[in-house]
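[1] Give me the fold of what follows.
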Amino acid sequence: MTYLQSIGEVIGFLLLSTFSILDGIIKSLIPKKYKMKNIGGEIALVTGGGGGLGRLLSLRLANLGAIVIIWDINETAIEETVKLVRAAGGTCYGYVCDLCDRTDIYKKAKIIREEIGKVTVLINNAGIVTGMKFLDTPDELIIRTMDVNIMSHFWTVKAFLPTMLENNKGHIVSVASLAGQCGIPKLIDYCASKFAAMGFDEALRMELEYEGYNINTTVVCPYFIRSTGMFDDVQSRYIPTLSPNAVADRIIMAMRCNEKYAIIPGYLQILLTLKWIFPWPCVAMFLRGLVRDVSPSHENNKSCVVATATIAEKECIVPSSKDQNGAAIHQQLARRISSPERKP
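    Numbering: from 1, shown residues only. You can find the predicted model right below:
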């Protein structure tokens, strides 16, 4: 009986898979403009909305009729985005929120529920990068990178998902990166956080589907974006860096079409597939040739090398990391490194 059940399950899987493939082919033939959902009246929250990609996303959401809420650590940048959105005829509210502090996230989420309403579209856009070699990167910046780039996703989703589940309606967008698909020198902490964002989105989607909820998730993996202050000096060959406007348009389209993954530019999906086919030496050689240096400005401006306890005892001024909005982290982390904490 168990043997027959196994055969039945395999046949059922093949039939459902065939149906899913045919359904996907048919849907791919439908023009995207006919697949886009209306988000007018939805309450959309964008983290890191004070500038850069977050500001562009906020403007586009407002133009589509959504009520936009932006979170950022920079109050001045928040005010500028709010003014721009309102000047364009949109509805926008801004709150200072420290994404490294889950208590602050929960506090601001409660305020939003009481003052504005239930968030139905959550875009986890905020991100920072250090662009330094692993052993040159101070612990504080590694922790901050993980807090902003991935841990904040846990806390924002925990804050807003319950109300989405109550209405069985909502969409969660995670802005990851192609660095979440491939390892890159000088981006070890950044790559780790973006790989984690990929896993977070996929596992969350699987759990929601298993529980029978109709909550959509989308993970976005763009190539290096110029003019955001994060990768303006990246030395990229063959593949040009991306326009932030083009990336913002693609993210909104992916969200409105309920796409699960959005690789930007799309043709890189083929290269990602080849990554698992070719031997590792070929993959490594290609990646080294494609991206010569993600942060040449840090190569000749090393402020700290953590390799031995003797070096660790010296005064170390930590270079500020770059955030998704194109502004340096306000408060530079400067401290005397103690050898017990910094031993490799």
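[2] So what touches stretch 162-177?
    Contact partners of stretch 162-177, identified using CB atoms under 8 Å, 6 or more residues apart in numbering, comprise 53, 113, 118-125, 127, 153, 157, 160-161, 190, 194, 197-198, 200-201, 204, 213-222, 251, 254-255, 258, 324. For the C-beta atoms, the positions are set from N, CA and C on the backbone; glycine is no exception.
[3] Which of those fall in helices?
    Those of the contacts of stretch 162-177 mapping onto helices are 53, 113, 153, 157, 160-161, 190, 194, 197-198, 200-201, 204, 251, 254-255, per DSSP state H.
[4] Which one of those residues is nearest to residue 12?
    Ranked by distance to residue 12 (CB to CB), those are led by residue 204 at 25.9 Å.
[5] Quick check: the gap between the residue nearest to the closest one when sequence neighbours are not counted and residue 199.
    Once flanking residues are discounted, residue 204 sits nearest to residue 217: 5.9 Å by CB to CB, 6 or more residues apart in numbering. Computed as CB to CB, to the nearest Å, the residue 217 to residue 199 distance reads 12 Å.
[6] Between these two, which has more neighbouring residues?
    Counted by other CB atoms under 10 Å, residue 217 and residue 199 do not tie: residue 217 has more neighbours, with 25 against 14.
[7] State the distance from that one to residue 125.
    Going from residue 217 to residue 125 by CB to CB gives 14 Å.
[8] mind checking how far stretch 152-167 is from the chain centre?
    On the basis of CA atoms, centre = their mean, to the nearest Å, stretch 152-167 sits 16 Å off its chain's mean C-alpha point.
[9] same thing with stretch 20-38?
    Centre-to-centre, stretch 20-38 and its host chain are 25 Å apart (CA atoms, centre = their mean).
[10] mind checking the end-to-end distance for it?
    25 Å (CA to CA, to the nearest Å).
[11] hmm, who's touching it?
    Identification of contacts with stretch 20-38 by CB under 8 Å, 6+ apart yields 64-65, 253, 256-258.
[12] Tell me, how many residues neighbour residue 47?
    Residue 47: 26 neighbours (other CB under 10 Å).
[13] Where does pLDDT dip in the stretch 1-150 of the chain?
    Where the stretch 1-150 of the chain drops to pLDDT under 70, the residues are 1.
[14] Now do the strands in it.
    Using DSSP state E, counting those that start in this stretch, the strands found in the stretch 1-150 of the chain span residues 43-47, 67-72, 91-96, 121-124, 128-129.
[15] Those: which one's closest to residue 104?
    Among these, strand 91-96 comes nearest to residue 104, with 8.8 Å by CB to CB.
[16] Show me what counts as buried in that closest one.
    91-95 (16 or more other CB atoms under 10 Å).
[17] Could you list the low-pLDDT ranges of the stretch 151-300 of the chain?
    Scanning the stretch 151-300 of the chain for pLDDT under 70 picks out the ranges 298-300.
[18] can you give me the strands in it?
    For the stretch 151-300 of the chain, the strands defined by DSSP E, counting those that start in this stretch cover 171-175, 216-222, 235-236, 261-264, 291-293.
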